[in-house]
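Trainee: Curious how this folds, go ahead:
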Amino acid sequence: MKKPSDQTKISRRGFIGSAAAAFATINFVPGHVLGLNGATSPNNKLNIAGIGVGGRGSNDIDEVSSENIIALCDADWRRASGTFDRFPKAKKYHDFRKMLDKEKDIDAVVVATPDHFHAVASMQAIKMGKHVYCEKPLTHDVYEARRIAEAARKHKVATQMGNQGQASEETRRLCEMVWDDAIGPVHEVHIWTDRPLRGVFGVYWPQGMERPSDTPSVPDGLDWDIWLGPAPERPYHPAYLPFKWRGWLDFGTGALGDIGCHVFDPVFRALKLNHPTSVQASSTHVNNESYPWASMVTYEFPARGELPPVKLTWYDGGLKPPRPKELENGRELGVGGRILVGEKGKILGTNIIPAAKMREYGNPPKMLPRSIGHHKEWIEAAKGGKPGGSNFDWAGPLTEVVLLGNIALQKELRELMYRNKLQWDGKNMKFTNITEANKFIRREYRQGWSL
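Mentor: Predicted coordinates:
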């Protein structure tokens, strides 16, 4: 690795110090500041309840099963049956509101419902003083993300969003490479996924479809009214669940919501990104019911101190950025990935390209503490330890940025965006140039539901 000049060393040390401090400040506020008094059961185990325990929620409950699992809730008992069977002593519920009202000994909840339900379930638990682990994306809309983060801070509860990669070695390695000036100041980022597609063999979930017109009967074990929650009223149809809800505007957040909080996270940490100044999108055919099959979303971020402005482009549905000239012949970009473009080179994943340049560089110095594990971080935070790496002070703003991309994909805004980018005022949570976009910041809840 080429040795920097003394002046470069001084500058780089200053940058590394400030960046590492920012990472620590965002993620590891002292427990006494947050008031995490760790109210637990006599055996020093948390009493945990699950809200949405089929699918990903089943895995989350297994991850925290070192604690006491005392109650489980799911609108679809067919989907949740496996989890119910593994924890036969836990009380079972369809409606999380009844569960929280009746089970007075709950210390903490895991929320792993479809996206449209995240905020209402998390908010009620937070207001009751429960620690909350919520799957990604933290919320279904930008307004909810802002309010949930504020509420968690106000009620001094331990929180964690389900983007487990934040606890990984890969995330720390990327930060340390960037902070070590491995490729110089970064000014451009490309991130891509094949979702909702899966190559030529099928799809993860369908998108680009219109609402079905037939009205089959609701199957036994499913409380359809509870499953809808705050979403607009509509008849049951198997096109919506399980898992297929991700592609519907009323229920899911598409490929960007599914993957964005995972893959944006390390980039935001490494580059110290916050609110973008603009967002724009292009895609395959759009409608008012579901997300398009493929899209590109471009965010522009301002300079941060001495760090340059950054353009971040997201690709889904099998779209990818142009193949970088530094990538050796025969080497694949992969179905999903990330490229950071710096003044002195490029990083693909966590490796400089070409491989020869990576061998010359070696490994960055370790500057960050390593994680005890994503779910363990939350458990320890709830017992009075330091906050998790994706606590809601971090996860809320990250989710806001991810979901801005879905606003840019709205059919109603498509013609307006042929001539303009959406200019974003993050501090005041509003678009400043296309006011029609502001109604998508916050959705209307069905009667009987509130935040």
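
Trainee: which residue packs closest to D214, ignoring adjacent ones?
Mentor: Closest residue to D214 apart from its sequence neighbours, by C-beta to C-beta, 6 or more residues apart in numbering: H237 at 7.2 Å. For every residue, glycine as well, the C-beta is placed using N, CA and C.

Trainee: Verify the contact between the one you found and S217 for me.
Mentor: No - H237 is beyond contact range of S217, at 10.5 Å (criterion: C-beta atoms under 8 Å).

Trainee: Among those two, which residue is more densely surrounded?
Mentor: Per other C-beta atoms under 10 Å, whichever of H237 and S217 has more neighbours is H237, with 16 against 8.

Trainee: Next up, the contacts around T193.
Mentor: 255, 259, 263, 315-316, 335-336 (C-beta atoms under 8 Å, 6 or more residues apart in numbering).

Trainee: Can you check what pLDDT the model gives it?
Mentor: Predicted confidence (pLDDT) for T193: 97.

Trainee: Distance check, it against E103.
Mentor: According to C-beta to C-beta, to the nearest Å, T193 stands 38 Å off from E103.

Trainee: Ok, A112 next?
Mentor: 18 Å.

Trainee: which of the two has more neighbours?
Mentor: A112 (26 against 17).

Trainee: For that one, give me its contacts.
Mentor: 50-53, 55-57, 60, 134-135, 162.

Trainee: which among these gets closest to A355?
Mentor: G162 (33.4 Å; C-beta to C-beta).

Trainee: Run a quick neighbour tally on that closest one.
Mentor: Applying other C-beta under 10 Å, I find that G162 has 27 neighbouring residues.

Trainee: list the contacts for it?
Mentor: 56, 60, 112, 133-136, 374, 390 are the contacts of G162 under C-beta under 8 Å, 6+ apart.

Trainee: Got the confidence number for the residue nearest to the spatial centre of the chain?
Mentor: For the chain, the residue nearest the mean C-alpha position is C261 (2.8 Å; C-alpha atoms, centre = their mean). Per-residue pLDDT puts C261 at 98.

Trainee: Find the nearest non-adjacent residue to it, please.
Mentor: K136 (3.9 Å).

Trainee: Helices of the stretch 201-350 of the chain, residue ranges please.
Mentor: Under the criterion DSSP state H, counting those that start in this stretch, helices of the stretch 201-350 of the chain are mapped to 224-228, 254-271.

Trainee: Give me the pLDDT for the residue nearest to D214.
Mentor: 98.

Trainee: What of Y418?
Mentor: Reported pLDDT for Y418: 83.

Trainee: How many residues are close by it?
Mentor: So Y418, with other C-beta under 10 Å, has 9 neighbours.

Trainee: Touching, R443 and V142? I think so.
Mentor: No - the criterion here is C-beta under 8 Å, and R443 misses it with V142 at 9.8 Å.

Trainee: F117 should be in a helix, yeah?
Mentor: Yes - judged by DSSP: H, G, I helix; E, B strand; the rest coil, F117 forms part of a helix.

Trainee: Contacts only, for it.
Mentor: With C-beta under 8 Å, 6+ apart, F117 has these contacts: 51-52, 111, 229-230.

Trainee: rerun at 10 Å
Mentor: 51-52, 75, 96, 111, 139-140, 226-231, 245, 251, 449 (C-beta atoms under 10 Å, 6 or more residues apart in numbering).

Trainee: beta partners for A49?
Mentor: A71, V109 (DSSP bridges).

Trainee: hmm, back to that, comparing the helices of the stretch 201-350 of the chain, which comes out most buried?
Mentor: helix 254-271 (a mean of 24; mean count of other C-beta atoms under 10 Å).

Trainee: list the helices and strands that helix packs on?
Mentor: With contacts taken as 3 or more C-beta pairs under 10 Å, 6 or more residues apart in numbering; DSSP states H and E, helix 254-271 sits against helix 6-27, helix 169-179, strand 186-192, strand 295-301, strand 310-315, strand 337-342, helix 392-408.

Trainee: Restricting to C-alpha, output that helix in CSV.
Mentor: The C-alpha trace of helix 254-271 is given here as CSV (Å, rounded to 0.1, in the frame of the first residue of the first chain):
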residue,chain,number,x,y,z
GLY,A,254,-41.6,-3.4,-2.8
ALA,A,255,-38.0,-4.4,-3.6
LEU,A,256,-36.7,-1.2,-2.3
GLY,A,257,-38.4,-1.5,1.1
ASP,A,258,-37.5,-5.2,1.4
ILE,A,259,-33.8,-4.8,0.6
GLY,A,260,-33.0,-1.1,0.9
CYS,A,261,-32.6,-1.0,4.7
HIS,A,262,-30.1,-3.9,4.5
VAL,A,263,-27.9,-2.5,1.7
PHE,A,264,-28.1,1.2,2.3
ASP,A,265,-27.0,0.8,5.9
PRO,A,266,-23.3,0.1,5.5
VAL,A,267,-23.0,2.9,2.9
PHE,A,268,-24.7,5.4,5.1
ARG,A,269,-22.4,4.5,7.9
ALA,A,270,-19.2,4.6,5.8
LEU,A,271,-20.1,7.9,4.1
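
Trainee: I'd like to check the angle between that helix and strand 337-342, please.
Mentor: 40 degrees (axes from the mean of the first three to the mean of the last three C-alpha atoms, to 10 degrees).

Trainee: just to revisit the earlier point, what is in contact with H237 and S217 at once?
Mentor: The contact lists of H237 and S217 share W224, where a contact means C-beta under 10 Å, 6+ apart.

Trainee: picking up where we left off before, and the least confident of the contacts of A112?
Mentor: G55 (92).

Trainee: What number of residues are in the vicinity of that one?
Mentor: 20.

Trainee: Give me the secondary structure label for the residue nearest to L451 when sequence neighbours are not counted.
Mentor: Closest residue to L451 apart from its sequence neighbours, by C-beta to C-beta, 6+ apart: M123 at 5.3 Å. Three-state assignment for M123 (three-state DSSP): helix.

Trainee: Number the chain from 4, please
Mentor: In the new numbering, first residue 4, that becomes M126.

Trainee: Next, work out how far apart M126 and V67 are.
Mentor: Taken as C-beta to C-beta, the span from M126 to V67 is 20 Å.
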